[in-house]
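Novice: 3D, please:
(one chain, ligands or ions: 1)
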Amino acid sequence: MNQTAQASAAPSVSAAPSAAGDPSVPGDPSAEGSAPAPSDGYAPGPTARTAFSTAAKTAAGAKTAAGSGAADPLRLALIVGSNREGRFAPVVAGWFLDRAGARDDFSVDVVDLADVELPTVLSGRPGAAVHAELAKVSPRLGDADAFVVLTPEYNHSFPAALKNLIDWHFTEWQAKPVGFLSYGGVSGGLRAVEQLRQVFAEMHAVTVRDTVSFANAWRQFDDEGRHRDPAAPEAAVTSMLDQLAWWGAALREAKSHRQYGG
Ligand SMILES: Cc1cc2nc3c(=O)[nH]c(=O)nc-3n(C[C@H](O)[C@H](O)[C@H](O)COP(=O)(O)O)c2cc1C
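Specialist: Here you go, the predicted structure:
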C-alpha cells in the first residue's frame, strides 16, 4: 500500500519570511479571536495553486526515486495536515517536495489528509469501512523512518484532521524523528508547531529543532508557486532535513539492534 514517493505535486516554489501582522492582508489573524469562515480570505490564492493531484504526487515520487543515489535512503512521510476546501497547503507541499526530492538521502511518500477520511469517533474495534480507511494510511506511517508534518495554524493550533490522524495511531510514530513545515498568518504556524511537539513527545517521537515556517504564506509565493525570496527558507529546509536525516539514520540503526522499549 506504500505509495512511496510520491512527492510533489504542487508547483515548485520557495520561501522567505515576510512581515507579520499586516492588517491589510485578507484574513490576517491579527484580528484574533474571531473564527473565520473558510471563505473569509484566510487562504487566498487561485484555485489552480491548491490542486494537489494524486497523479502529480506520483510523478514527483517517481522523480524522487529515480534521483536517489543513496543505497538505503530514509523513508520520509510528508503528512499534509490540511484538508480544508480551497487550502493553501499544496503550494507549500510542492515547494518542500521539490527540495526533499532533490536529495538522495530520502525517498518521500505524501500522506495527504485530503485523501483520508478517518472518523473522529475512535474505536478499538473499527468496522470494515474504517479498516479500509486505515489501510490507506497506517502501513505507510508504519513504514516511514521519519516524518515531516506540514501544518497550517487554525486558531493558534493545528487542524483537527491532523490530530485525528495522530490519535488513530501509536506505534507508527514511536522512536522516529519529526520535522515541521508550517504556515499561516502572523505566526507562520509556529504556535501550531509548538503544540505538536507536545503531542509527538507523548507518541515517543523525537521532534527536530529547526523548522521551516511561512508567515502570511500567501504573500510569499507567486502565482506559479515560486517563492519570492528563497534564500532563507532554502537554508531552513536544509537544516531541518539534515537534522531529520541524522536522527532518522541513528534511530533506524538503533532499532535494527534493539527494539524500542517505550
Ligand atoms: C479557521 C481558521 C483559523 C485560523 N487561525 C489562524 C491563527 O490563529 N493564526 C494564524 O496565523 N493564521 C490563522 N489562520 C490562517 C491560516 O493559517 C491560513 O489561512 C492557512 O492558509 C490555512 O491553511 P490551509 O489553507 O492549507 O487550510 C486561520 C485560518 C482558518 C481557516
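Novice: and stretch 211-220, how far from the chain's centre?
Specialist: 14 Å (C-alpha atoms, centre = their mean, to the nearest Å).
Novice: go on, stretch 75-88?
Specialist: 6 Å.
Novice: Rounded mean pLDDT for that stretch, please.
Specialist: The pLDDT scores in stretch 75-88 average 98.
Novice: could we number from 14 for the rest of this?
Specialist: Sure, I'll start counting at 14 from here, so that last one is stretch 88-101.
Novice: Just the endpoints, please. Distance across that stretch?
Specialist: 25 Å (C-alpha to C-alpha, to the nearest Å).
Novice: close to the ligand, is it?
Specialist: Yes: counting by C-beta under 6 Å from any ligand atom, contacts between stretch 88-101 and the ligand involve 95, 97, 100, 101. In this view, the C-beta of every residue, glycine as well, is placed from N, C-alpha and C.
Novice: Buried ones in that stretch, by neighbour count?
Specialist: Neighbour counts over stretch 88-101 (16 or more other C-beta atoms under 10 Å) mark 88, 89, 90, 91, 92, 93, 94, 95, 96, 97, 100, 101 as buried.
Novice: Am I right that residue 164 falls within a strand?
Specialist: Yes: secondary structure of residue 164 (DSSP: H, G, I helix; E, B strand; the rest coil): part of a strand.
Novice: Run a quick neighbour tally on it.
Specialist: Neighbour count of residue 164, defined by other C-beta atoms under 10 Å: 27.
Novice: shouldn't it be in contact with residue 207?
Specialist: No: counting by C-beta atoms under 8 Å, residue 164 stays clear of residue 207, with 10.9 Å between them.
Novice: and the residue most central in space within the chain, what does it touch?
Specialist: By C-alpha atoms, centre = their mean, the mean C-alpha position of the chain lies nearest to residue 163, the distance being 2.3 Å. Neighbouring residues of residue 163 by C-beta atoms under 8 Å, 6 or more residues apart in numbering: 91, 92, 93, 94, 95, 102, 105, 106, 109, 194, 195.
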